[in-house]
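Undergrad: Pasting the sequence and the predicted coordinates here, then a few questions.
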There are 2 protein chains.
Amino acid sequence: MTSPFARAELERRCERARALMHQHALDAMLLTSERNVEYFSGFASDLWASPTRPFYLVIPREGEPSAILPQGAESQWRRTAWVEQIESWPAPRPQDEGVTTVAAVLRRSGRRFGCVGLEMGPESRIGITLADALKLIDTLRPLAVGDCSELCRELRMIKSAAEIARLRAVGRIASASFARLPGMVTPASTESDVARRFVADLCAGGADKVPFLAFASGPGGYDNILSRPTERALARGDVLAIDTGATVGGYFCDFDRNLSVGPAPAPAAQAYVVLHRATAAGIEAARPGATAADVFHAQAKVIDAMGARRATMGRFGHGLGMSLTEWPSNKPDDLTPLRPGIVLTIEPGVDFGDGKVMVHEENVVITEDGCELLSVRAAPELPEVPW
Amino acid sequence: MTSPFARAELERRCERARALMHQHALDAMLLTSERNVEYFSGFASDLWASPTRPFYLVIPREGEPSAILPQGAESQWRRTAWVEQIESWPAPRPQDEGVTTVAAVLRRSGRRFGCVGLEMGPESRIGITLADALKLIDTLRPLAVGDCSELCRELRMIKSAAEIARLRAVGRIASASFARLPGMVTPASTESDVARRFVADLCAGGADKVPFLAFASGPGGYDNILSRPTERALARGDVLAIDTGATVGGYFCDFDRNLSVGPAPAPAAQAYVVLHRATAAGIEAARPGATAADVFHAQAKVIDAMGARRATMGRFGHGLGMSLTEWPSNKPDDLTPLRPGIVLTIEPGVDFGDGKVMVHEENVVITEDGCELLSVRAAPELPEVPW
């Protein structure tokens, strides 16, 4: 376990949110998603795995934040969150799962703008039912409802030193497990055998959870890197990749590693070298003043120059933090300027051979004068498991 | 990895949904949550960990289902899902993340009722942004939008033999890890040390993921069972509990085990015996013809008769399946009749001493003439780790 965020840091996040709420013309924001409630309050709980009882955090532009909690969760709230104003309802109570109480709290917020923010925009999710969201929008009239997810993005995109420490920790843990991966690929293993050893190793090594694990393998290469591990038996001549999103203290790593089972087949070995160089170019381009689009183009340029075919994944990397994928997107139309504290995956992919694809991925945080690797850089040539 | 559900079973689920859609006066339903999309299509993916790209499944009352997928996910869809009609859009594309395509597919559905179902009701979640849900509701006019989550509940509540096999598997794996737990509680360990060993053991033993893990400990007992493991050092005289929700093939177990570090303190040992008997009564009551309320009352009666104080958790157990908590709730006002295939947690709790609580939990599936335990029954007396 990582030590909790300092109360001062959590309060500062709320302060910044308030300043932005003024700019966004919101009198208050209502947060119901795990990530945003945790980001602003510090509330850390596995209870989000259950959809029965929602948790609400109201941050008004003026005045103190309030938590609206299912009865019984108060002590766990107090243990991890700094927000002291708590109201509760006897849950589960499907006919009114806290909505009436939340509406009353929101109505007590100032009325300067006559508008309350809900999490609505791209890549956001609500942690309540759609029926409750509609009921709330209706109940709040004449108060209008706007979006506060853009504001949350803006804040969460720039990571603090304490957040970067968690990202560094999970990157180190996953790198250590990947370094041990060749020893887990033993004769007669299936994808799922290897995945199971790898996940147990991540957990023993210090990861809290492994919400994301994709496994790909095939003779000479694989054709996608989105699949869960299967019962496919690994064989000499296979190329495999594991892509993992493990967490420490609620923060994700997201990177993959490729391996050849036995001597590396030439086309895969060549694709690997292209990707290693494209990744290097992406890392080089990831610096303050550049844009997410620049990081895309730097990678694409290497792939093109080496005569390889770009994979069609829509982007070559993305933001990373409390979610496996965040903003920005490393793609031609994302002109987000990179600033210190932005965390990115550098993730080029190439198509090769007959329907094969290969993907590389590293994680970096933008610093004052470039970027710092959060993952231990992959080997420059396709590693081989002796078989 | 468990073997995938047979195509015939997945198709049968859709067929049943269609019959219920007729009753619920829906022309089609649009599913966007991981659980419901997986339940009807078979699509199994860790990509849901990323909120960037949604996945949509449309099941019309008449005609074939359609998947609307982000470009690049088609091959992974075909690998796991049986639904063959696929449309896609170039994702990520925040300005239209598939909504226009989905609306067009929904408009092609029959118009008998003029109403399309979205996941709206109690304990449901949408897998798209609130802005996209509102846009969709607006775009679909004059088609009305209703709730299809109740229909999904009805179907998912009765588990098939293949689903029960997965629940049995995860119950067995967690039971085996719990049996090894005393050996993981070593001197100088913290809660989080023990939790880490336990999670690694679950994964090595065959669990796919461990989305839920609550750890409680304290001298003579604990005061809540909602907390994540902390850096608290365990000591002789502590009573600890781990409650875990691990998964196999997307299906959860949800039960806990209590342990005394050194000789069991008398009040905790007494509370344990009360709970063990209350659990036995709950298991006895869990049979076809009884209601969820009956299962609550059977447990409450034992606690009352033994002069103990009922804990205020709102219910003494709940449904279990693809979510950690499902319907029904074992509470006085839930009159859901139990039928074969319903899976329940039996979960009594008592308050004791000065602010302490203890909770027991077992998992059962209702059979033709009673119920079958999915967890290996806890010991009748509070187990002690020699320290």
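TA: Perfect, I can see it now. Numbering: from 1, shown residues only, chains lettered A, B, ... in the order given.
Undergrad: Now for chain A, the helix or strand with the poorest mean pLDDT.
TA: helix A:74-80 (a mean of 91; mean pLDDT, DSSP states H and E).
Undergrad: Next, the buried residues of that helix.
TA: A:74, A:76-77, A:79-80 (16 or more other CB atoms under 10 Å in any protein chain shown). All C-beta atoms are positioned from the backbone trio N, CA, C, and that covers glycine.
Undergrad: can you pull the contacts of A:V295?
TA: By CB atoms under 8 Å, 6 or more residues apart in numbering or on different chains, the contact list for A:V295 reads A:282, A:285-286, A:316-317, A:330, A:338, A:344, A:346.
Undergrad: What secondary structure category should be reported for the residue of chain A most remote from its centre?
TA: The centre of chain A is farthest from one residue, A:P142, which by CA atoms, centre = their mean lies 36.0 Å away. Taken by DSSP: H, G, I helix; E, B strand; the rest coil, the conformation at A:P142 corresponds to coil.
Undergrad: mind checking how far it is from A:R107?
TA: 10 Å (CB to CB, to the nearest Å).
Undergrad: Up against chain B, what does the stretch 151-300 of chain A have?
TA: The stretch 151-300 of chain A comes close to chain B at residues A:190, A:192, A:196-197, A:199-201, A:203-204, A:206, A:209-214, A:223-224, A:226-231, A:245, as judged by CB under 8 Å from any CB of the partner chain.
Undergrad: For the stretch 1-150 of chain A, which segments count as strands?
TA: With strands called from DSSP state E, counting those that start in this stretch, the stretch 1-150 of chain A shows them at A:28-31, A:56-60, A:66-70, A:85-89, A:115-118, A:144-147.
Undergrad: do the stretch 151-300 of chain A as well
TA: A:209-219, A:238-248, A:251-252, A:255-261.
Undergrad: In the first one, which of the residues would be classed as buried?
TA: This points to strand A:209-219. Buried, per 16+ other CB under 10 Å, within strand A:209-219: A:209-218.
Undergrad: How about the closest residue to chain B within the stretch 251-387 of chain A: what's its closest non-neighbour residue?
TA: Chain B sits closest to A:T325 of the stretch 251-387 of chain A, with a gap of 4.1 Å, by CB to the nearest CB. Spatial nearest neighbour of A:T325, excluding adjacent residues (CB to CB, 6 or more residues apart in numbering or on different chains): B:S50 at 4.1 Å.
Undergrad: wait, isn't the one you found in contact with A:S323?
TA: Yes - B:S50 lies in contact with A:S323 (CB atoms under 8 Å); the separation is 7.0 Å.
Undergrad: Mind checking which of these two has more residues around it?
TA: Set side by side, B:S50 and A:S323 show more neighbours around A:S323, with 26 against 21, by other CB atoms under 10 Å in any protein chain shown.
Undergrad: where does that one fall, helix, sheet strand or coil?
TA: In three-state terms, and counting by three-state DSSP, A:S323 is coil.
Undergrad: The closest residue to A:Y251 other than its chain neighbours: neighbour count?
TA: Using CB to CB, 6+ apart and skipping residues adjacent in sequence, the residue nearest A:Y251 is A:R166, 4.0 Å away. Using other CB under 10 Å, A:R166 has 24 neighbouring residues.
Undergrad: cool, and A:I68?
TA: Burial measure for A:I68: 25 neighbouring residues, criterion other CB under 10 Å.
Undergrad: ok, it - contacts?
TA: Applying CB under 8 Å, 6+ apart, the residues near A:I68 are A:55-58, A:86-89, A:98, A:101-102, A:105.
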